[in-house]
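Enquirer: Sharing a model that was predicted from the sequence below.
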Amino acid sequence: MGLQRPEIIHDWNLVGPVPDLPSRPVELHDETLRDGLQSPSVTDPELDAKMAILRGLDALEIESADVGLPGAGERALAEIEALVRMVRDEALRIRPTVACRTHPLDVTAALAVQERTGVRLEAMMFLGTSPIRQVAERWDEAHLERLTREAMRLATQGGMAATFVTEDTVRSHPATLRRLFTAAVEEGATCLIVCDTVGHATPAGARNLVRWTKGLVADLGMADRVTVDWHGHNDRGLALINALAAYEEGADRLHGTMLGIGERVGNTSMDQLLVNLQLLGASTRDLSGLYALAGLVSRATETPVPGNYPVLGDDAFRTATGVHAAAVIKARRQGDDWLADRVYSGVPARWVGREQEIAVGFMSGASNVRFWLEERGIDPTEERVRRVLELAKGTRKLLTEEEIRDVL
């Protein structure tokens, strides 16, 4: 686990039947620049912002990122090509992928980008497979199989890495999935992405689906050549725990978006996934740039980060409560930064480029005020502490820097 020193932390997460974590490191795939931009509330970032976001994802050691949908129009296609060229020219480690419908126009457009840039792309070709979607579209399984085979064949013949994405997999019938997954693998697909497209799954559902899909791949004799991804949405508020369940069941790659942006209420939060994998001991990525990247995504997409958003919100490592603040202050005065960063925090702030913050408000004590003054080089005389505390007790919110300095 990420929180060491067991002599002062007894971890009940490790008591009893604890799932065995996969021995193989899990890869991460970011969808911020494609699936994330399907949110009805976000702004499509300018190209330079997209480039900066991609660099930030690369710095976090995320293995792959979707850079767009080639079939979405001329601007999308031009930006995709620019992003792929940037990955090539700057020798980034992150692998660019593109989203494609199982339609020749999309796949052909992706192949053109690959040819012009000289960068091998992974084409994630998607198709709705659930019975409810088939009824709405008036599709039958024979039609779905034909689309699957044609798209996979076109991609593989063009030298792209072919990935088959089944939309709404969680609500799809196993007979349909068996038929289409088999067809995709026979045509050269090397990755199958199972999706909780409408946020229907529970952790049990995520486990069941990943286990079943990996079993099918093994039955096809392709366990050493075909990987299985998990892609989830957050309609029930279960996206993060579902992704972790999929990981524990053996998913090879997990998808997410920064700040969880995406269709309707969003996707699995990549930032929360990174932190939780780190706490589980399943990742050793350098997360010091995570907070800065989240701020960049927030500004570029015009997505405000709520104050109580885990790890990245303004309140994540800020306290004005007297008892809590006193414990943090005492740990700091012992010269123990490790202790100060964990005594009232389940996530170490320094992991993500932040620090514990002591504020002053209506629930604060004198220790909050003294520490606040000392941090700013102000002598914490009894009179100053009394005046600031008197002001704080008369309010119903935290005091701002200006308010404290005014009363001083």
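Expert: Sure, I can see it.
Enquirer: Neighbours of the nearest residue to Thr43 once chain neighbours are set aside, how many?
Expert: In this structure, Thr43 finds its nearest non-sequential neighbour in Glu302, 4.4 Å apart by C-beta to C-beta, 6 or more residues apart in numbering. Backbone N, C-alpha and C define where each C-beta goes, glycine included. For Glu302, the count of nearby residues is 11 (other C-beta atoms under 10 Å).
Enquirer: What's the separation between Glu302 and Leu254?
Expert: 27 Å (C-beta to C-beta, to the nearest Å).
Enquirer: so where do the strands sit in the stretch 251-400 of the chain?
Expert: 253-256, 318-319, 357-358 (DSSP state E, counting those that start in this stretch).
Enquirer: Can you tell me the centre-most residue of the chain?
Expert: Met270 (0.8 Å; C-alpha atoms, centre = their mean).
Enquirer: What residues are bridge-paired with the nearest residue to that residue once chain neighbours are set aside?
Expert: Once flanking residues are discounted, Met270 sits nearest to Gly256: 3.4 Å by C-beta to C-beta, 6+ apart. Listed beta-bridge partners, Gly256: Asp30 (assigned using DSSP bridges).
Enquirer: measure Gly256 to Glu31 for me?
Expert: 7 Å.
Enquirer: Distance check, Thr227 against Ser64.
Expert: 12 Å.
Enquirer: ok, these two, which is more surrounded?
Expert: For Thr227 versus Ser64, the count of surrounding residues by other C-beta under 10 Å is larger for Ser64: 22 against 18.
Enquirer: what residues are up against the residue nearest to that one when sequence neighbours are not counted?
Expert: In space, and not counting its chain neighbours, Ser64 is closest to Arg95: 4.2 Å by C-beta to C-beta, 6+ apart. Arg95 is in contact with Glu63, Ser64, Ala65, Glu122, counting by C-beta atoms under 8 Å, 6 or more residues apart in numbering.
Enquirer: Can you report phi and psi for Arg95?
Expert: phi -90, psi 120 (degrees, to the nearest 10).
Enquirer: do you know how far it is from Arg253?
Expert: 11 Å.
Enquirer: got it, and Asp379?
Expert: 55 Å.
Enquirer: The two - which one has more neighbours?
Expert: Arg253 (20 against 7).
Enquirer: In terms of pLDDT, where does Val194 sit?
Expert: Note on Val194: pLDDT of 98.
Enquirer: Give me the secondary structure label for it.
Expert: strand (DSSP: H, G, I helix; E, B strand; the rest coil).
Enquirer: what about the nearest residue to it once chain neighbours are set aside, how many neighbours?
Expert: Leaving aside its chain neighbours, Val194 sits nearest to Thr169 (4.2 Å; criterion: C-beta to C-beta, 6+ apart). Thr169 has 27 neighbouring residues, counting by other C-beta under 10 Å.
Enquirer: one step back: need the contacts of Arg95 in a markdown table (columns: secondary structure, distance to Gly335 and pLDDT).
Expert: Listed next are the contacts of Arg95 as a markdown table, based on DSSP: H, G, I helix; E, B strand; the rest coil; distance: C-beta to C-beta, whole Å; pLDDT from 0 to 100:
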| residue | secondary structure | distance to Gly335 | pLDDT |
| --- | --- | --- | --- |
| Glu63 | coil | 39 | 98 |
| Ser64 | strand | 42 | 98 |
| Ala65 | strand | 41 | 98 |
| Glu122 | strand | 49 | 98 |
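Enquirer: ok, and the most crowded of those?
Expert: In the contacts of Arg95, the most neighbours by other C-beta under 10 Å go to Ala65, 24 neighbours.
Enquirer: Hmm, that one is touching Pro96, no?
Expert: Yes. Ala65 is within contact range of Pro96, at 6.6 Å (criterion: C-beta atoms under 8 Å).
Enquirer: which residues are common contacts for these two?
Expert: Counting by C-beta under 8 Å, 6+ apart, nothing touches both Ala65 and Pro96.
Enquirer: circling back to that earlier point, can you list residues touching both of Thr227 and Ser64?
Expert: Common neighbours of Thr227 and Ser64 (C-beta under 8 Å, 6+ apart) are Arg253.
Enquirer: CA atoms only for the helix or strand harbouring Leu28, dumped as PDB, please.
Expert: In this structure, Leu28 sits in strand 27-30 according to DSSP states H and E. C-alpha atoms of strand 27-30 as PDB (Å, rounded to 0.1, in the frame of the first residue of the first chain):
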ATOM      1  CA  GLU A  27      -2.000   0.200 -18.500                       C
ATOM      2  CA  LEU A  28      -4.000   3.500 -18.600                       C
ATOM      3  CA  HIS A  29      -5.800   5.000 -21.600                       C
ATOM      4  CA  ASP A  30      -7.000   8.600 -21.500                       C
END
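Enquirer: Which SSE is immediately downstream of it?
Expert: Next along from strand 27-30, by DSSP H and E: helix 47-59.
Enquirer: Could you give me the buried positions within that next one?
Expert: Neighbour-count burial for helix 47-59, counted by 16 or more other C-beta atoms under 10 Å, picks out Ala49, Lys50, Met51, Ala52, Ile53, Leu54, Arg55, Gly56, Leu57, Asp58, Ala59.
Enquirer: for stretch 393-405, same thing?
Expert: Quick answer for stretch 393-405 (16+ other C-beta under 10 Å): Leu398, Leu399, Glu403, Ile404.
Enquirer: repeat for stretch 331-347
Expert: In stretch 331-347, counting by 16+ other C-beta under 10 Å, buried: Ala331, Arg332, Leu339, Ala340, Asp341, Arg342, Val343, Tyr344, Ser345, Val347.
Enquirer: Tell me the spacing between Gly73 and Phe317.
Expert: 42 Å.
Enquirer: Angles on the backbone of Gln334, please.
Expert: Residue torsions, per degrees, to the nearest 10, at Gln334 are phi -80, psi -10.
Enquirer: and it, how far is that from Glu382?
Expert: 24 Å.
Enquirer: for Ala72, same thing?
Expert: Taking C-beta to C-beta, one finds Ala72 at 65 Å from Glu382.
Enquirer: cool, Gly295 as well?
Expert: 39 Å.
Enquirer: cool, and Gly128?
Expert: 69 Å.
Enquirer: Between those two, which has more neighbouring residues?
Expert: Gly128 (20 against 9).
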